[in-house]
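[1] sequence first, predicted model second:
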Amino acid sequence: MTDAPIAAPAAPPSRRPHLIVSNEEAIAAAHDFAERLRATSSKRDAERLLPWQELDDFVATGLWGISVPRAYGGAGVSSSTLAKVTSIIGAADGSLSQIPQNHYYSLEVLRVGGSETQKRFFYERVLAGERTGNALAEIGHKDFKRRTRLVEDGGRLFVDGTKYYCTGAIYAHWIPTLVVRQENGAERLYVVFVPRTAPGVTVHDDWDGFGQRVTGSGTVRFDRVPVDADWVIQFQDSFDRPTSIGPLAQIIHAAIDLGIGQGAYRDMLDFVRTRSRPWIDAKVDRASDDPLTLAEVGQVKLRLRAAEALVERAATFVDVAMQAPDAENVAAASIAVAEAKILTTKAGLLAANKLFELSGTSSTMADDNYDRHWRNVRTHTLHDPVRWKYQAVGRYYLNGTLPPRHGAI
């Protein structure tokens, strides 16, 4: 068991969030909130200051409720808007843009697999300001089998197990938890929305990755946690048949990497314009007139713009898959998102590297903390291997092979 500090639960929402009603309003709200985040993002990263107040303010904007369907009182924004909001926030603070990723993911799991009663209950909780995190992944084994279990004892349900990489769980009011349950001699997967304050839930603040330092992606333990049957949502069924859960999850991940790259690019432009010296052989007075620097800046911009275009293109496929989730539409969405994810990974890393190459040695000073961009994008791009996305794309176009149905493509 980890010796890391045990995190206290989040306080209940003190105010009902603003209700965003359109795609345009969501994007405007993201720009406004990003401006408030940017000035303090470096300090949060450098000192690992958990962003409790920033998250409360983030939720208050209404942005955490924008994917709630219109039929349940939300804006039901497009996938393009959800990705755009994520990248806008990511350009200001990469960690803050990742924290709601699993929140949006769990709401899609709810939309696809939840009952009408479950949807009405949890969507209302979200619109009232409650956050979800995640407890999906497990470590310590070389396979991907889940060992956290949902068991019945004496007519009651309990969750037992340990999860890691639980992004957002520290800050959550509900922790959607992936469990296995024995049914008719076979194991079935479910997601249980576990209340953060339920007896037996322990969240450890033990995430010590060199990037994404305030995402709260640590360990959650469940020791015979009692849960209500109404909190248990079908999950196995959501991958036995084609659904948009995987592509929706992945396009948000792509948008996080894109946003971090855009933030690095912004800082690079500012540094080159105001602080860099031109190389002696350039024979110009300003670094911003150095012809080789200009060419490299253009290369980075081109890669980021191409990545952004692929994310926007992929979003149209995701929206189709959400409306008509047949095998072909879901496969097309998965491949389009995989293409975007490949390029956002490459573009994000390129932008973070070129910030230093084009700005020079003085850009490595600790006070600027520009290395957070590289640390953040390198850490987050390891979420799932891009090398596997290339072969999925190749098999799809060459052999007509549909990609696997799971949350990582």
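    Arrived safely. Since the structure is predicted, the reported quantities are computational estimates derived from the model, not experimental observations. Residues are numbered from 1 along each chain as shown.
[2] only C-alpha atoms for contact and neighbour calcs from this point on.
    OK.
[3] now the residue positioned nearest the centre of the chain, nearest residue through space, not along the chain?
    The structure's the chain has its C-alpha centroid closest to Gln101; by Cα atoms, centre = their mean the separation is 3.1 Å. Spatial nearest neighbour of Gln101, chain neighbours left out: Ile252 (6.5 Å); criterion: Cα to Cα, 6 or more residues apart in numbering.
[4] in which helix or strand does Leu178 reside?
    Here Leu178 sits within strand 174-183, counting by DSSP states H and E.
[5] give me the pLDDT for Asp3.
    For Asp3, the model assigns a pLDDT of 69.
[6] buried set for the one helix or strand Ala307 maps to?
    Element membership of Ala307, judged by DSSP H and E, is helix 291-323. Across helix 291-323, burial judged by 16 or more other Cα atoms under 10 Å covers 293, 297, 299-301, 303-308, 310-322.
[7] give me the pLDDT for Gly185.
    Looking at Gly185, its pLDDT reads 83.
[8] er, Trp207 actually
    Note on Trp207: pLDDT of 96.
[9] same deal with the one 10 residues further on?
    The predicted local distance difference test score for Ser217 is 96.
[10] spatially nearest residue to it, not counting backbone neighbours?
    Thr167 (3.8 Å).
[11] tell me, how many residues neighbour the one you found?
    Other residues near Thr167 come to 29 when the count uses other Cα atoms under 10 Å.
[12] surely it meets Leu136?
    No. Counting by Cα atoms under 8 Å, Thr167 does not reach Leu136; the two are 9.4 Å apart.
[13] in the stretch 51-200 of the chain, which spans are helices?
    Using DSSP state H, counting those that start in this stretch, the helices found in the stretch 51-200 of the chain span residues 52-60, 79-92, 94-98, 101-113, 116-127.
[14] relative orientation of the second one and helix 291-323 in degrees?
    Think helix 79-92. Note on geometry: by axes from the mean of the first three to the mean of the last three Cα atoms, to 10 degrees, helix 79-92 and helix 291-323 are set 140 degrees apart in direction.
[15] over to the fourth one?
    Calculated by the same axes, to 10 degrees, helix 101-113 forms an angle of 30 degrees with helix 291-323.
[16] pLDDT averaged over helix 101-113 - what is it?
    97.
[17] roughly how far is it from the heart of the chain?
    Averaging C-alpha positions (Cα atoms, centre = their mean, to the nearest Å) puts helix 101-113 12 Å from its chain's average.
[18] now that helix - C-alpha only, CSV.
    What follows is helix 101-113, C-alpha atoms only, in CSV (Å, rounded to 0.1, in the frame of the first residue of the first chain):
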residue,chain,number,x,y,z
GLN,A,101,-11.2,14.3,-19.9
ASN,A,102,-12.5,11.3,-17.9
HIS,A,103,-15.5,13.4,-16.8
TYR,A,104,-16.6,13.8,-20.4
TYR,A,105,-15.7,10.2,-21.1
SER,A,106,-17.9,8.9,-18.2
LEU,A,107,-20.8,11.1,-19.5
GLU,A,108,-20.5,9.4,-22.9
VAL,A,109,-20.5,6.0,-21.1
LEU,A,110,-23.6,7.1,-19.4
ARG,A,111,-25.2,8.3,-22.6
VAL,A,112,-24.5,5.0,-24.4
GLY,A,113,-25.1,2.5,-21.7
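[19] need the contact list for Arg213.
    Contact analysis of Arg213 by Cα atoms under 8 Å, 6 or more residues apart in numbering lists 45, 48, 95, 207.
[20] check Ser244 too.
    318, 321-322, 325, 330, 333.
[21] and the angle for the helix or strand where Ala26 lies with helix 52-60?
    Secondary structure from DSSP H and E places Ala26 in helix 23-47. Orientation check (the same axes, to 10 degrees): helix 23-47 against helix 52-60 gives 170 degrees.
[22] name the helices or strands packed onto helix 23-47?
    Counting contacts by 3 or more Cα pairs under 8 Å, 6 or more residues apart in numbering; DSSP states H and E, helix 23-47 packs against helix 79-92.
[23] just the pLDDT for Asp240.
    pLDDT, Asp240: 92.
[24] count of residues packed around it?
    Neighbour count for Asp240, taken as other Cα under 10 Å: 10.
[25] same deal with Pro242?
    Neighbour count for Pro242, taken as other Cα under 10 Å: 21.
[26] and if you look at Asp290?
    Neighbour tally, Asp290, other Cα under 10 Å: 18.
[27] wait, what's in contact with it?
    Contacts of Asp290 (Cα under 8 Å, 6+ apart): 278-279, 282, 284.
[28] do the same with Ala254
    Listed by Cα under 8 Å, 6+ apart, the contact partners of Ala254 are 311, 337, 340-341, 344-345.
[29] wait, which of the helices of the stretch 51-200 of the chain is closest to Ile233?
    helix 101-113 (6.3 Å; Cα to Cα).
[30] residues making contact with the closest one?
    By Cα under 8 Å, 6+ apart, helix 101-113 touches 64, 67-68, 118-119, 123, 131-134, 167-168, 176, 233-235, 237-238, 243, 245, 248-249, 252-253.
[31] ok so, going back, of the contacts of Asp290 - the most surrounded one?
    Among these, the one with the most neighbours (other Cα under 10 Å) is Pro278, at 21 neighbours.
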